[in-house]
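Enquirer: Pasting the sequence and the predicted coordinates here, then a few questions.
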Amino acid sequence: MLQNLSYWEKKNLFHADVIIIGSGIVGLNAAITIKSINPKTSVLVLERGFLPSGASTKNAGFACFGSISELIEQEKLTGTDGLHQLISKRWKGLLKLRDLLGDECISFQNNGGFELFKPEQGDLSNECVAKLSHFNALIEDIVLQKNTYSLTNPKINSFGFKGINVLIENNLEAQIDPGMMMKALLAKALALGVQVYTNCKVEEIVQENNSVLIKTSQGDFKCKKVLLATNAFVNELLPDVAVFPGRGQVIITKPIPNLKIKGTFHYNKGYYYFRNIDDRILLGGGRNLDFKAEETTEFGETELVQKALINLLEEVILPETDFEIEQKWSGIMAFGSQLAPIIEEVKPNVFCAVRCNGMGIAIGSQTGQEAGEMVSSSL
């Protein structure tokens, strides 16, 4: 097919001022930002898959900025000031996403977020409860309210959980529909004149004097600047970027009559997460059972993780309820030793915006905006 390109195709469809690799939440937000700054800048997005290949349409749809146990671990890495900056970036990212697309277009629902603890996790739950006032004070100037996190044990029975004795609530945590979000982002980008080509895998990036040559499965493209927004897949083209992948396995039940559970839920330091959606329970996680096996860009599932997810459903989440699993899938996230995303010019005219550390919904829009502004200022 590559030998059958017409003159018109080569002349008009294989070059742009800016080419963005990756059509997920970061890539499309960057494209929207660039076109908003200068509508005359031509922007082309290349996507390897038929749909976004990372986690943008495969995540659980948590509009969250960190459970207490996660914040405790993150504060150890970043320090208190660093964590404040990180939470601020996440909160601003969520507000930006809502402002850009509107709550209805992403099915935004503020049903609250909850963190569950078993009696045998007493040391962890005690530490988390003791830290409630610390984190409430830390984020007060960010979210503009007091007492965002609270101990809410009386709600345990209302959800029908078994074997849980401590429940912490975040009254600002919400849920969205990632598929609706990506449809709305794509529509926004296309309306601004962004072009998006799917099934176009980038194989090599070649720097030339004042331009960049991008070799793909569909032919060679040229641009002034290229931005990689491929998150966990960035090392395929930029091996030195400090990112490693983390696969998240997800299952979803068939509809359950009279489902009591409503909200977003975290368990075991956020390594397990579940929520209600369309009278179903969506549950994901288990990466901590075998970090090495889940440090992969290959989609799929493992017996170890799948068994753990089913056990959690049977023993804790839906102990007195019959359920059937309707669907399974996986998404690939990107992590690193540092929690802040990488937004930088890694080589002349070659930029990247990656490493969302499992918080793509929260920081994807802000990361894309910052990357778009950086690329725009370099044109």
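Expert: Cool, the structure landed.
Enquirer: pLDDT wise, what is the residue lying closest to K224 once chain neighbours are set aside at?
Expert: Take K224 and drop its neighbours on the chain: the residue closest to it by CB to CB, 6 or more residues apart in numbering is D17, 5.2 Å away. For every residue, glycine as well, the C-beta is placed using N, CA and C. Looking at D17, its pLDDT reads 98.
Enquirer: Spell out, range by range, the strands that occur in the stretch 251-379 of the chain.
Expert: With strands called from DSSP state E, counting those that start in this stretch, the stretch 251-379 of the chain shows them at 264-267, 272-277, 280-285, 325-335, 342-347, 350-354.
Enquirer: can you put the ones you listed in JSON lines and add mean pLDDT, distance to E298 and mean neighbour count?
Expert: What follows is the strands of the stretch 251-379 of the chain, written out as JSON lines (pLDDT from 0 to 100; distance: least, CB to CB, whole Å; neighbours: other CB atoms under 10 Å):
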{"stretch": "strand 264-267", "mean pLDDT": "98", "distance to E298": "26", "mean neighbour count": "25"}
{"stretch": "strand 272-277", "mean pLDDT": "98", "distance to E298": "21", "mean neighbour count": "22"}
{"stretch": "strand 280-285", "mean pLDDT": "98", "distance to E298": "17", "mean neighbour count": "22"}
{"stretch": "strand 325-335", "mean pLDDT": "96", "distance to E298": "8", "mean neighbour count": "18"}
{"stretch": "strand 342-347", "mean pLDDT": "96", "distance to E298": "23", "mean neighbour count": "16"}
{"stretch": "strand 350-354", "mean pLDDT": "97", "distance to E298": "18", "mean neighbour count": "25"}
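Enquirer: show me what contacts the residue nearest to S376 when sequence neighbours are not counted?
Expert: Nearest non-adjacent residue to S376, counting by CB to CB, 6+ apart: I37, 4.6 Å away. For I37, the residues meeting the contact criterion (CB atoms under 8 Å, 6 or more residues apart in numbering) are 372-373, 376.
Enquirer: swap the cut-off to 10 Å and go again
Expert: In this structure, I37 makes contact with 372-373, 375-377, 379, judged by CB atoms under 10 Å, 6 or more residues apart in numbering.
Enquirer: who wins for neighbours among the residues you listed?
Expert: G372 (30 neighbours; other CB atoms under 10 Å).
Enquirer: which one is it nearest to, not counting chain neighbours?
Expert: If you skip the residues right next to it in sequence, G372 has T33 as its closest partner in space, 2.9 Å away by CB to CB, 6+ apart.
Enquirer: Quick check: the gap between the one you found and V346.
Expert: Between T33 and V346 the distance, using CB to CB, to the nearest Å, works out to 19 Å.
Enquirer: Same question for T264.
Expert: Counting by CB to CB, the gap from T264 to V346 is 34 Å.
Enquirer: Which stretches in the stretch 151-300 of the chain count as helices?
Expert: With DSSP state H, counting those that start in this stretch, the ranges of helices along the stretch 151-300 of the chain come out as 155-159, 178-191, 291-294.
Enquirer: I figured R48 was touching C200, is that so?
Expert: Yes. With contact defined as CB atoms under 10 Å, R48 counts as touching C200 (6.7 Å).
Enquirer: quick one on the thing from earlier: among the strands of the stretch 251-379 of the chain, which is nearest I164?
Expert: Minimum separation from I164 across these (CB to CB) falls at strand 264-267, 8.7 Å.
Enquirer: quick one on the thing from earlier: dump the contacts of I37 into JSON lines; add distance to V316 and pLDDT as well.
Expert: Rendered in JSON lines, the data for those read as follows (distance: CB to CB, whole Å; pLDDT from 0 to 100):
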{"residue": "G372", "distance to V316": "42", "pLDDT": "98"}
{"residue": "E373", "distance to V316": "44", "pLDDT": "98"}
{"residue": "V375", "distance to V316": "46", "pLDDT": "98"}
{"residue": "S376", "distance to V316": "48", "pLDDT": "98"}
{"residue": "S377", "distance to V316": "50", "pLDDT": "97"}
{"residue": "L379", "distance to V316": "53", "pLDDT": "95"}
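Enquirer: now, among those residues, which is nearest to G285?
Expert: Of all the contacts of I37, G285 sits closest to G372, with 31.7 Å by CB to CB.
Enquirer: residue ranges with poor pLDDT in the protein?
Expert: Applying pLDDT under 70 to the predicted model, the residue ranges of the chain that meet it are 1-3.
Enquirer: ok, longest helix in it?
Expert: When the chain is scanned for its longest helix (criterion: DSSP state H), the result is helix 68-101.
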